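Novice: Could you work out the structure for the sequence below:
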Amino acid sequence: EAFLLLFLIIRVDDKAQDYLAQEKLFGDMVYNKFPDSRNDITEAGNCFALDRHTACVYHTMRAVEQAVKKLTKRETIKKALFQHKQQKFDDKDTLGKIAQKMSLAASNVKGKNKQEKIHCAASHLTSIASAYRNPTMHTNIVYSGKDAKLILDNARQFMVVICSI
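Specialist: Alright, predicted model coming up:
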């Protein structure tokens, strides 16, 4: 009996089990392309599975921030944006602003396929930015399961798309 007192048993919904302890929650491409985001993606899944939705959003946003940093440093994207009204990415840009700039840059990237992927990535980033109302560290917002799922799904799609840009 004393042995069992050392354990905490948590019931995880059947659907949520797909998110629990998934090192490659966003797939192989994202896992390989964004090694700095691996831990946060895994933790986002764990938090979602355990109904810790605000923590899920926090970890998801950390993973997205790593991907955005990597994307905005790509010469192709920087050059394409510069060709459009001589804009550039700024460290103070919000996710919504970065998404706008990505859309502007897309028209100056060679190849219809790449342009479409950049527009798609910008669309997912816009969805993330609108669902993620304020920076997590500076707010009292509590995210629902629906909000967390929306952000998690859009983050996955955003990161998958930019793997192929």
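
Novice: residues of stretch 19-38 that come out buried?
Specialist: 19-20, 25-26, 30-31, 33-34, 37-38 (16 or more other Cβ atoms under 10 Å). The C-beta positions use only the backbone N, C-alpha and C, and glycine is treated the same way.

Novice: Just give the nearest non-adjacent residue to Thr60, would you?
Specialist: Nearest in space to Thr60, with sequence neighbours left out and distances taken as Cβ to Cβ, 6 or more residues apart in numbering, is Ala44 at 4.4 Å.

Novice: What distance do you get for the one you found to Asp153?
Specialist: 11 Å (Cβ to Cβ, to the nearest Å).

Novice: who's more crowded, these two?
Specialist: Ala44 (31 against 15; other Cβ atoms under 10 Å).

Novice: May I have the phi/psi pair for that one?
Specialist: Dihedral angles of Ala44 (phi, psi; degrees, to the nearest 10) stand at phi -60, psi -40.

Novice: Any figure for the gap between it and Ser130?
Specialist: Here the criterion is Cβ to Cβ. By it, Ala44 lies 18 Å from Ser130.

Novice: tell me what the helix or strand of the chain with the lowest mean pLDDT is packed against?
Specialist: When the helices and strands of the chain are compared on mean pLDDT, DSSP states H and E, helix 75-83 comes out lowest with a mean of 86. In this structure, helix 75-83 makes packing contacts with helix 95-106, judged by 3 or more Cβ pairs under 8 Å, 6 or more residues apart in numbering; DSSP states H and E.

Novice: what comes up buried for the helix or strand just after the helix it packs on?
Specialist: Next along the chain after helix 95-106, taking DSSP states H and E as the criterion, comes helix 112-131. For helix 112-131, burial by neighbour count (16+ other Cβ under 10 Å) applies to 114-115, 117-129, 131.

Novice: Tell me how far helix 112-131 lies from the chain's centre.
Specialist: Between the centre of helix 112-131 and the centre of its chain there are 12 Å (Cα atoms, centre = their mean, to the nearest Å).

Novice: the inter-axis angle of that helix versus helix 75-83?
Specialist: Interaxial angle of helix 112-131 relative to helix 75-83 (axes from the mean of the first three to the mean of the last three Cα atoms, to 10 degrees): 80 degrees.

Novice: Packing partners of helix 112-131?
Specialist: Going by 3+ Cβ pairs under 8 Å, 6+ apart, helix 112-131 lies up against helix 53-72, helix 95-106, helix 145-163.
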